[in-house]
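Participant: Give the three-dimensional model of this entry:
(one chain, ligands or ions: 1)
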Amino acid sequence: MRNRTWPALLLGCALASAAAIGMSDADVLPALKALAPRGLLIGVALSQAQSDGKDAVALPIVTRHFNSITAENILKWENVHPETDRFVFEPADRFVDFGGKHDMFIVGHTLLWHQQTPASVFTGPDGSPIGREALLARLRTHIQTVVGRYRGRVHGWDVVNEALEEDGTLRNSKWRQILGEDYIAKAFEFAHQADPDAELYYNDFNLTKAAKRAGALRIVRQLKARGLRVDGVGDQGHWLLAWPAPEDIDSMLAEIGAAGVKAHITELDVDVLPRDERMYGADLDARKAFRAETNLYPDALPAGKHQELAARYADIFKVFVAHSRSVARVTFWGVTDRTSWLNNFPIPGRVNYPLLWDRAGQPKPAFHAVARVLEESRRDTAE
Ligand code: XIL
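Facilitator: I've put the predicted structure just below:
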């Protein structure tokens, strides 16, 4: 049995006596990774600054609480392979070294996506579009080179990211336009050739919506029908305070498990600011106005909102632990609120509070809520 958990009372005493002898909270907080049900990895996405060791606030949190890491940006095509004949591996090498040194399950994100991919991937030297064979060759080279370099060291890959529309049909990306529908299978095939031991995932958002989830499960069936390896389906888990409903998370995890693959929550955060479809629009003036109207907590999150966020995280984690046989990993998309991408999405320049640690690296009520749910789940299963 791994570390047993601490009853809440004991924890309270420990915190009080630790404070008396000048230890910080961070030294005595229960580690999330040790509280999690057996087999459930607790992961976090690292920025380049963090895997380079330059974020002194984040580092002790990462090493204490997490047993899996995902590269937030540095393994995306535009960063690792910015030009046809040029790869940039140094930051990714440091990221993989970091995970290896701390004995973490390392996730590579992502091999094929329609975003953060140079436009030149799809065009020849004269700027005209390339054809299927040429693009397949580029995809093969990319995947063989990147996955091959980290063979045996990166343990799982988000092979294809966000290939689906909301109705579950395939997104009409350049990949699909030029390669045709089997491009997903090709990416999985190349990844498996490059590292036969690596786990391979399909990753997308909004799989709590039945129609989109059906599309993801269709992809899984098609890969399996071709005899290809697929280990898991990732739902990003970029969620809001009031969406999605726990019942929909429950259905998603149940259906992914029933499809014979593991479920991964790959990019979890909970946006506390208002969202609106119009925020995604191109109208800059409208976006500026939205920022002004919706940047509700520029100085601090009010106590009531902290409690709301904590309750929301508790509800979410209750669903995860209820499905802990089919959920292999829950990864948070960032360490502290300071570096969350949600400070800049969908509108740049707002102050957001989506994670478990505040800007100073202090655990929020949401941290304690998650720790409590994990702890209770271990107690239940131990009885
Ligand atoms: C985001 C990163 O967090 C940002 O730093 C970057 O500017 C844009 O991409 N879905 C994904 C992630 O699969 O790769 C995205 O990460 C967030 C949405």
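
Participant: ok, which stretches of the stretch 51-200 of the chain are strands?
Facilitator: 68-71, 105-112, 156-161, 199-204 (DSSP state E, counting those that start in this stretch).

Participant: Taking strand 199-204 as reference, get the angle to whatever helix or strand comes next after the last one.
Facilitator: If you walk from strand 199-204 toward the C-terminus, the next helix or strand you reach (DSSP states H and E) is helix 210-225. With axes from the mean of the first three to the mean of the last three Cα atoms, to 10 degrees as the criterion, the two stretches helix 210-225 and strand 199-204 enclose an angle of 150 degrees.

Participant: Turn the strands of the stretch 51-200 of the chain into CSV, including mean pLDDT and distance to the ligand.
Facilitator: The way it works is simple: take the backbone N, C-alpha and C, and place the C-beta from them, glycine included. Converted to CSV, those look like this (pLDDT from 0 to 100; distance: least, Cβ to the nearest ligand atom, whole Å):
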stretch, mean pLDDT, distance to the ligand
strand 68-71, 99, 9
strand 105-112, 99, 6
strand 156-161, 99, 5
strand 199-204, 99, 7
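
Participant: Just say which of the ones you listed is most tucked in.
Facilitator: Among the strands of the stretch 51-200 of the chain, strand 156-161 has the highest mean neighbour count (mean count of other Cβ atoms under 10 Å), at a mean of 27.

Participant: Centre of the chain to that strand, how far?
Facilitator: In terms of Cα atoms, centre = their mean, to the nearest Å, the centre of strand 156-161 is found 11 Å from the chain centre.

Participant: C-alpha coordinates for it, CSV please?
Facilitator: The C-alpha coordinates for strand 156-161 follow below in CSV (Å, rounded to 0.1, in the frame of the first residue of the first chain):
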residue,chain,number,x,y,z
GLY,A,156,2.3,8.5,-23.6
TRP,A,157,1.5,10.8,-26.5
ASP,A,158,-1.5,12.9,-27.4
VAL,A,159,-1.2,11.6,-31.0
VAL,A,160,-4.1,13.6,-32.5
ASN,A,161,-5.6,16.7,-30.9
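
Participant: what pairs with it, and is each one parallel or antiparallel?
Facilitator: Next to strand 156-161 in the sheet, as set by DSSP bridges, lie strand 105-112 (parallel), strand 199-204 (parallel).

Participant: could I have the last one exported to CSV, CA atoms only?
Facilitator: Think strand 199-204. Taking Å, rounded to 0.1, in the frame of the first residue of the first chain, the C-alpha atoms of strand 199-204 are listed here in CSV:
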residue,chain,number,x,y,z
GLU,A,199,0.8,4.7,-24.8
LEU,A,200,-1.2,6.5,-27.5
TYR,A,201,-4.2,8.8,-27.0
TYR,A,202,-6.8,10.7,-28.9
ASN,A,203,-7.4,14.0,-27.2
ASP,A,204,-10.2,16.6,-27.6
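
Participant: Contacts made by it with the rest, please.
Facilitator: Outside of strand 199-204, the residues within contact range by Cβ atoms under 8 Å, 6 or more residues apart in numbering are 109-110, 155-164, 184, 188, 191-192, 212, 216, 219-220, 223, 229-236, 264, 266.
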